[in-house]
Every structure is written in C-alpha cells, then in structure tokens.
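Novice: Any chance you could fold what I've pasted below:
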Amino acid sequence: MKNQFKKYFVTIVLGFTNPQSYMRWVILPTKHVFRFFAISLFIIGLIRGGLFSYFQLPKLVSSISQATEEVVAQYPEDLVVAWDTKELTLFPTGKYQDLDVDITKLSFLTNEFVKPLNIRYRSSELNPELRNELLNDEETLVVIEKSQYSVLDEENKSLTKQLNSVLPQEEFDVQASDLPYLQKVFNENLVVWQNRIKYLLPIFFGLITILMELFFSLFYGTILWLFAKMAGLLKTWKQGWRLSLAVLVTLNILELVMQQVYQNNPIAIRELGFWAISGFILLSWKFPDFLSGETKSKI
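Specialist: Model prediction:
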C-alpha cells in the first residue's frame, strides 16, 4: 500500500515537471488512465467538498438565518396570511388586496447589479392579458393569486400552477406574533440539516467532479485529438481522450490551489490552463530536442 501511494504521488509530481510522462497515458490501455483520473478527481472533489462544508456552508446557513431575522423585522404588524388549502388570503383584505414584496431589499441579496425582484400578490383572479403584463415586467419574480401562481418558463411563456401543489394540505394563518417562534423552529431545523449534510457534501462533490470532468473530457479530447493529428502526434480519438483525462487531473489540482490563493478565479483561466498545458505537452513531443535533448518517435 505504501508503495502504491508513493507511485501515485510520483505520478502526480511528474505531471507538473515532465511533459514526457503523459506519453504513458496515451500508450497504455484506457483502464489505466481512467483509474488514475477517477481516483484523482474523487480525491480533489472530497477536498473541495470538505472545504465547502467547513468554510462556505456555515456562511450560507448564517445568511439564511439573517434573512429570516430580516423577514421577521420587516413583517407588517397587522398583516395576516391565511391559507384554507384552496385559497391564499391576506388580511385586512382592504389594505392588502394587492401587495408587491421586493425580496432584494433583504440585505444578504442586495447587490448593485441586482434589479428589484418582486413577489406580486393579487387578491382577485387576473385575466391572461394582465397576468402576462405583470410577468413580462423584468422586476417580477412570481405572480400569486388566491388559488394559483404564475412564472415565466425558459421560453418566456407563462406557466401557471395551483398553489395547493406547493403549499401544505393543512390550513394555517400567520401573523407577526407567530414569527419569532416559527423563526426559532426554522433555525433549529436549519442547524440539524447543516450537521447532516456537511458529511455528505464531500462525497457528493467527489462524484459530481468525476462526472463533470468526464463530460468535459469528451469535448476537450476531441479538439485535442484534431490538433494533435494534424501535427502527426496522435492517431486515434481515444489517444486524444486519454491525454485529456490526464491533463484534467493536473488542471484540477492547479485550480484547487489557485482557488485557495485567489478567491476570484475566472472560468477563462480554466480554459487557458487546459490548452496551455496540452500545448506544452504536444510541443515537447514535437520538439523533444528543444526541451530535453531526447528524441521521441511519433505514437
């Protein structure tokens, strides 16, 4: 086991120090590079998930708790929200027959680039024209009527569903005096949820990292193979794909380090990094004398 760890560590180091080391992944059967790729990406995903659970998840939970505090603080003292399993009604009806709530006024969502996003409640059923007019307002997030709600789908078409599909099948009414207790229960459940999910996140990150990079490798491998084939360095698509798998391991390690040093890490750096590493490897194969003084034959 110790020798296997040592061999794996040496392989990782060679990926940064010796571009000729990538030749082995192109020549060896696919199962070898895929095993190296899967193990490496899973470990990287575990580290990312662990860092997220330790640093970012508490911040997210804190932001949600802060949001509940602001909702309680800004909730009108006379407003009663009642649901009878069929219709949603705001009391007193004369005052709250129409209500627009701008959720971007919550401080944790405030951003100079974020436009107002309103949840618009209307006590009467709207005709299709008026509903579409409200939905097409760029400041509208959702339009809620007594028994239904409407949003725009991905094609900017009105999508209307019944409220009982998202609200409880039990009657309730909420007023300002109820909120402190509800907030307390919500925050307690939030902490329980945090404690449960923080142990699962690293595994989730590990698996999703493998799947995402495997998907990207199909695209990267195809482009890489086309360029390498024109240069006379690779013959088959599988060779280009295997090389892309190995390069993605090196790239993800670099990304992991860069993200800790520079918090704002543009996606463009990822693209540049992959092609820079791949280009350097191919150049070292094409002109081995220039880089190492050794002569390498074409694959």
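
Novice: In the stretch 101-250 of the chain, mark out all the strands, start to finish.
Specialist: In the stretch 101-250 of the chain, the segments counted as strands under DSSP state E, counting those that start in this stretch are 118-122, 140-144, 148-152, 158-162, 172-175.

Novice: What residues does residue 229 make contact with?
Specialist: Residue 229 sits next to 235, 240 when contact means CB atoms under 8 Å, 6 or more residues apart in numbering. Glycine gets a C-beta too; all of them are placed from N, C-alpha and C.

Novice: what do you get for residue 202?
Specialist: Residue 202 neighbours (CB under 8 Å, 6+ apart): 45-50, 53.

Novice: Dump the strands of the stretch 101-250 of the chain into a markdown table; add mean pLDDT and distance to residue 131 as well.
Specialist: What follows is the strands of the stretch 101-250 of the chain, written out as a markdown table (pLDDT from 0 to 100; distance: least, CB to CB, whole Å):
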| stretch | mean pLDDT | distance to residue 131 |
| --- | --- | --- |
| strand 118-122 | 95 | 9 |
| strand 140-144 | 95 | 6 |
| strand 148-152 | 95 | 6 |
| strand 158-162 | 93 | 7 |
| strand 172-175 | 94 | 25 |
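
Novice: So for residue 283, which of the ones you listed sits nearest?
Specialist: Smallest distance to residue 283 across those (CB to CB): 49.4 Å, for strand 148-152.

Novice: okay, the closest one in PDB with CA atoms only?
Specialist: Taking Å, rounded to 0.1, in the frame of the first residue of the first chain, the C-alpha atoms of strand 148-152 are listed here in PDB:
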ATOM      1  CA  GLN A 148     -52.600  29.800  -8.200                       C
ATOM      2  CA  TYR A 149     -49.200  31.200  -9.000                       C
ATOM      3  CA  SER A 150     -47.600  32.100 -12.300                       C
ATOM      4  CA  VAL A 151     -44.000  32.400 -13.500                       C
ATOM      5  CA  LEU A 152     -42.200  32.600 -16.900                       C
END
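
Novice: What angle do strand 118-122 and it make with each other?
Specialist: Calculated by axes from the mean of the first three to the mean of the last three CA atoms, to 10 degrees, strand 148-152 forms an angle of 140 degrees with strand 118-122.

Novice: Report the distance from strand 148-152 to the chain centre.
Specialist: 25 Å (CA atoms, centre = their mean, to the nearest Å).

Novice: For burial, what's the neighbour tally of residue 154?
Specialist: Residue 154 has 6 neighbours, counted by other CB atoms under 10 Å.
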